[in-house]
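A.B. asks: With the input below, show me the fold.
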Amino acid sequence: MTVDADSVQRFTKAWTTAPAPPNLSEFLPDAAAIRRSGLVDLIRIDLAQRSLRGQPVKHLAEYLAELADLQRSDLPADVICAEFELRRERGDTVDPNDYLRNYPDQAAELARLLDTDTTELADDTAVSEDTAFWEDTDSTRVTSNTVARPQRFEPIEQIEVGQTVDEFDLLTALGSGAFARVFLARQRSMQRLVAVKISEDRGTEPQTLAQLDHDYIVRVFDQRLLPGEGLRLLYMQYLPGGTLLGVLHKLRKNTWTPDRTGQLLLDSIDDAMEAKGEIRPADSSIRDEIARLSWPETVAWLGRRLAEALDYAGRHDVLHRDIKPANILLTAEGIPKLADFNISFSGRIRGTSPIAYFGGSLSYMSPEQLEACQPTKSATAADLDTRSDIYSLGVVLWELLTGRKPFPDKRFGEHLPPSLGSASGDDTVIDAMLERRHAGVTEDALHDLPPDTPAALRRILLTCMASAPDDRWANGAELAQQFDLCLDPHARDLVDPPEHSWRRRLQRPRWAVAMVALAIAIPNGLASFYNIQQNQMLVVSKLDPQVLARFESIVLVNNVAFFSIGGVLMIYLGRRLLAVSAGLLKGRTYDTRTLALARTDAILLSDRIVAVVFGLWVIAGIGWPISLQLTTGGVPARAFVHFALAQIVCGAIAVAYPFFLVSFYGIRCAYPIFLPYGRVSRNDARQLRRLARRSNFYLALAASVPLLGVASVTLLQQDEISAVIVAVRVLCIGAIAAFVGSYWLFRQLEGDLEALARVVAASD
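C.D. replies: Got it, this is the predicted structure:
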């Protein structure tokens, strides 16, 4: 039997009309037999109303203490699970193992509910909230001294909604943790809503945040100290959209569907705003943009902005050291902002140390940060840099993408305690976590990726979570540029082609040499054939047989010599491009300068090759008549005219067509090889745009080939025209077809260059 409907209705109405939460015991019937079962129903309503109205979470232990009729064994598992979820949403650090131990009668059912509704939450233990860290007396390493729960100052416990602290009217509780509570408050002097963080007067968070003024970092206005109570008030920008932790909860409650989009992020924000009584923006171009993104693109969109925040903080010598979903706040439009620098470190604040207040959340820590938590390891907090924050961001984004963490730490068994147990137990846990992270992301975890995840996003996140810092992105700027690439469908397809794409095969050095050689040889071979035929019919055929033999010998020697030199020169100009691209494909690493030079080689490859080809044709244009003069002792003037005309036509063929063929290969296959390795400079964007402008000239040159062929005929005599008219017709028809192909390559090249230049320039 449960409480009657009238009592439920009166209790619910009291919640909507009373200035303070009603006392549920007043709404119970007098009959002792039904009081106990009725209590459970009212507790459910009370918990739900507190969540809806932003009231502090009331623990079940408090209900048990207040209501003598209620026994611990009377509580159903779903009510216990509801308290667990509410506490997590409010920012408290909770662990399922605590609940299993505290409610043994409901343990079996509770374990099932927690596993179902809170996927992989057991590994979310936060070191900064459950473990206190001090320096050793020799100040050389960080050790952990475990406490059951950090002792809060009593005034923090006493501060509640409705009170006025300093000049702040506390309106709603936004969250709480071990060291602080956060309230939505009205600042009387400015008549504005702010978020007020009330904490112990410790750490350097205000001084750290004072250095940071960035679009993707929560803006802190100022601080107030209450020295008599040992408290600090930090008031900052109020963001109504909740946190990424709320987005994760919504993600886990919704099964994956192929049409999942950025609307899920917006729905989570709207839910958070509705709970606070806020109204979502009516017209927002940013929200419209997010709604059109796929879910992986939404994760990349968020990651790009958070990477920029990390880059900005890193350039100001600030490390966050506790990046996790609960510390990433959202605006009403969906813009993420990094918050809670409570255990961050700034190298620009005098008197601070990287090991002061060191901590973080275990499941999001980089391997080097875990080692700094491990007394038996030589690493310390002083060894950390921005790459550690990048690792944590990678874990957060992977979890947001898949709904699960990449490293399911709870699979290590019961050795992961809620408060890290004893020192030896800590060592066992951290050693196990380190072993897991050094092994990398498993195939099972890779299967969690949504089917529509771009290969670029997978590569980016795996690089973020590389176990060795040197294998990660060096800074937030590099990471932001990679996310820009991921958000551009054209560019990401160039850089990360499908697994069995022809472009992947053509990136191998042997294919590269073959493709470039064919791109040069075929147009030049056709041009040479036309040139030989033209000169044969108009000049060479009129020579004496003995003179002709000597002439052909001289021409053969010249061609072999000069074209061999040209081939060697081309290989020399492309040596670095071949060597570095081959090395990268084999996993080798190169310095920034070498990579920059190799990228330049890829962009300029076609220009350098056509310059060599043009030089060879110029040499041939000079050497051929000289050889003819030396052989015959005299060359008719018309022979020079015929030769010059043929040389102009063939030169256009030999230069224009290889340019597009080699450029197409260089930009679509060779240049993208280098983009996953380090940040690309603005100079690359300039070079890409210059190549696009030069391609217009070569397109015009390709269009001129049939016109030049026709023009050359008009300068011939009637008997000469009849000799070459068939060759000229074939030339014109072939040149028109070749121009169509060149134009197609031009359009493809134009799109590739625009996409790459757009991505390269975006992060500068």
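A.B. asks: low pLDDT regions in the stretch 1-150 of the chain?
C.D. replies: Applying pLDDT under 70 to the stretch 1-150 of the chain picks out residues 1-13, 15-20, 24-38, 48-55, 88-94, 112-150.
A.B. asks: do the same with the stretch 201-350 of the chain
C.D. replies: Looking at the stretch 201-350 of the chain by pLDDT under 70, you get 201-211, 227-228, 341-350.
A.B. asks: Which stretches in it count as strands?
C.D. replies: Listed in chain order, the strands of the stretch 201-350 of the chain (DSSP state E, counting those that start in this stretch) span 220-226, 231-236, 318-319, 328-330, 336-338, 345-346.
A.B. asks: Now for Ser284: which residues touch it?
C.D. replies: Shown in contact with Ser284 (Cβ atoms under 8 Å, 6 or more residues apart in numbering): Ala332, Glu333. Glycine gets a C-beta too; all of them are placed from N, C-alpha and C.
A.B. asks: Just read off the phi/psi values of it.
C.D. replies: The phi/psi pair for Ser284 (degrees, to the nearest 10) reads phi -150, psi 120.
A.B. asks: Can you tell me how far it is from Asp270?
C.D. replies: Per Cβ to Cβ, to the nearest Å, Ser284 is found 12 Å from Asp270.
A.B. asks: quick revisit: I'd like to know which of the strands of the stretch 201-350 of the chain is closest to Gly678.
C.D. replies: With Cβ to Cβ as the measure, strand 318-319 is the member of the strands of the stretch 201-350 of the chain nearest Gly678 (21.2 Å).
A.B. asks: picking up where we left off before, compare the strands of the stretch 201-350 of the chain and give me the one nearest Glu499.
C.D. replies: strand 336-338 (31.4 Å).
A.B. asks: Does anything pack onto the closest one? Which helices or strands?
C.D. replies: The contact analysis (3 or more Cβ pairs under 8 Å, 6 or more residues apart in numbering; DSSP states H and E) places strand 336-338 against helix 295-315, strand 328-330.
A.B. asks: got the buried residues for stretch 462-481?
C.D. replies: Across stretch 462-481, burial judged by 16 or more other Cβ atoms under 10 Å covers 462-467, 469, 472-481.
A.B. asks: Just send the strands of the stretch 201-350 of the chain back as JSON lines, with mean neighbour count and distance to Tyr572 too.
C.D. replies: What follows is the strands of the stretch 201-350 of the chain, written out as JSON lines (neighbours: other Cβ atoms under 10 Å; distance: least, Cβ to Cβ, whole Å):
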{"stretch": "strand 220-226", "mean neighbour count": "15", "distance to Tyr572": "57"}
{"stretch": "strand 231-236", "mean neighbour count": "21", "distance to Tyr572": "60"}
{"stretch": "strand 318-319", "mean neighbour count": "24", "distance to Tyr572": "46"}
{"stretch": "strand 328-330", "mean neighbour count": "25", "distance to Tyr572": "51"}
{"stretch": "strand 336-338", "mean neighbour count": "24", "distance to Tyr572": "49"}
{"stretch": "strand 345-346", "mean neighbour count": "23", "distance to Tyr572": "50"}
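A.B. asks: closest to Ala579 out of the ones you listed?
C.D. replies: strand 318-319 (36.8 Å).
A.B. asks: Tell me which stretches of the chain form strands.
C.D. replies: Ranges of strands within the chain are 131-135, 142-146, 164-165, 168-176, 180-187, 192-200, 220-226, 231-236, 318-319, 328-330, 336-338, 345-346, based on DSSP state E.
A.B. asks: measure the most centrally placed residue in the chain to Leu329 for me?
C.D. replies: With distances taken as Cα atoms, centre = their mean, the residue of the chain nearest its centroid is Phe483 (3.9 Å). From Phe483 across to Leu329, the span is 19 Å (Cβ to Cβ).
A.B. asks: Please apply the same query to Ala468.
C.D. replies: Noted for Ala468: a distance of 31 Å to Leu329, by Cβ to Cβ.
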